[in-house]
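# could you look at this predicted model? Sequence included:
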Amino acid sequence: MKVAVIGCGKMGVTYIQALSRMPGVELAAISDLRLEHAERIAEEYGISAYSSVDDLLADKNIQVVCVTVPSHLHKELVVKAAKAGKHIVCEKPLALSPKDAEEMILSCNENGVQLYVAHVVRFFPAYADIKRKISEGVIGDVGIAHAKRMAGNPGVGREWFLDPRLSGGVIMDVIIHDIDFMRWTLGEISSVYALNHRTESLDYASVTLRFRSGAIANLEGCLGSPDTFTSEVELFGKKGAIRHSNRDGITLRAVLREGPHGSPVVNEQSPIVHSNYWTELNHFLECIRTGNDPVVSAYDGLKAVEIAAAAIESIRTGQPVSLSES
């Protein structure tokens, strides 16, 4: 299977590294507006480099394109790739508005190509294990959940992250990871309430999700945090709690109530070293080969954008936003 990558920023390079090590996959070409930058990377991997996306898409041998450009460019490039007959892996968020996300999905359907949205948190072993344990009822019905995702300064060349017109801001770019994870784990959401504090160098928000099950999740996120990257999640059920933090030496800690004399039973799991992006991309490409349903669908990508957009609307109005049950 011949695959190309559009966009050679930090995420594009991550994709290039993963695809170059994947059995049964040929990394065929890359594209970036900065042709000299793309050519340096292409020389390292022995592949073709383009400054024109149209020229790359004209290559009939390329079957799949990975879209790893800034978020505000996703719609334009996904629609172009769909019309060129390419299957598509698009970085999250799928788009910056539900309307654009719907149009992208429609274009892919009309052109008979598959669209996969890279919500990579579903492929992190600890998060996948939390989802599995919740589904198995290990801690019982979940009533409360918390998540925190604090990212530092985007760095030189990636300042667009701090411009909400280009990235969607902290909710659409950072907290959307936990929005998708919570919906995947706890089901559909009935209402959203959010608060935001933004300066020239920092974008912070808190988002409260109320689920149709009655559960409530509080999500916290930051772009421009002065601390090191933090990713934490905890869920509380009738029978116990599950916690994970990237700062722990263990991958996952589950604490149950069933111990003797009421003492907690603690289950700790050691870290598993995987490239989560490799796992994600390998899964999507396998779905293209086999026709199997993906772990995360284009519809899931649309729903995450809808919920993030509702949070942004809540900030604008100062009121909770109800979500449709359709």
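Ah, there it is.
# quick one: low-confidence ranges for the stretch 51-200 of the chain?
Within the stretch 51-200 of the chain, the segments meeting pLDDT under 70 span 155-158.
# count the residues that sit near the closest residue in space to residue 194 that isn't next to it in sequence.
Leaving out its chain neighbours, the residue that sits closest to residue 194 by Cβ to Cβ, 6 or more residues apart in numbering is residue 311, at 3.9 Å. Just so you know, the C-beta spots here come from the backbone N, C-alpha and C atoms, and that holds for glycine as well. The number of residues packed near residue 311 is 28, by other Cβ atoms under 10 Å.
# measure residue 311 to residue 323 for me?
According to Cβ to Cβ, to the nearest Å, residue 311 and residue 323 sit 11 Å apart.
# all helices of this protein, in order?
10-20, 35-45, 53-57, 74-83, 98-110, 125-135, 164-167, 169-170, 176-186, 276-290, 298-317 (DSSP state H).
# which of the ones you listed sits most buried?
Most buried of the helices of the chain, by mean neighbour count (mean count of other Cβ atoms under 10 Å): helix 169-170, with a mean of 28.
# elements contacting it?
With contacts defined as 3 or more Cβ pairs under 8 Å, 6 or more residues apart in numbering; DSSP states H and E, helix 169-170 has these neighbours: strand 189-198, strand 203-211, strand 216-223.
# how far away from the center of its chain is that helix?
In terms of Cα atoms, centre = their mean, to the nearest Å, the centre of helix 169-170 is set 14 Å apart from its chain centre.
# mind checking how far residue 103 is from residue 163?
Residue 103 is 23 Å from residue 163, where distance means Cβ to Cβ.
# quick revisit: check contacts around the residue nearest to residue 194.
Neighbour list for residue 311: 171, 175, 179, 192, 193, 194, 205, 207, 321 [criterion: Cβ atoms under 8 Å, 6 or more residues apart in numbering].
# hang on, the earlier thing: got CSV for the helices of the chain, with distance to residue 216 too?
Converted to CSV, the helices of the chain look like this (distance: least, Cβ to Cβ, whole Å):
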stretch, distance to residue 216
helix 10-20, 32
helix 35-45, 45
helix 53-57, 43
helix 74-83, 31
helix 98-110, 23
helix 125-135, 15
helix 164-167, 26
helix 169-170, 20
helix 176-186, 10
helix 276-290, 28
helix 298-317, 14
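# ok, the nearest residue to residue 217 once chain neighbours are set aside - how many residues close by?
Spatial nearest neighbour of residue 217, excluding adjacent residues (Cβ to Cβ, 6+ apart): residue 145 at 4.0 Å. Number of residues near residue 145 (other Cβ under 10 Å) recorded here: 26.
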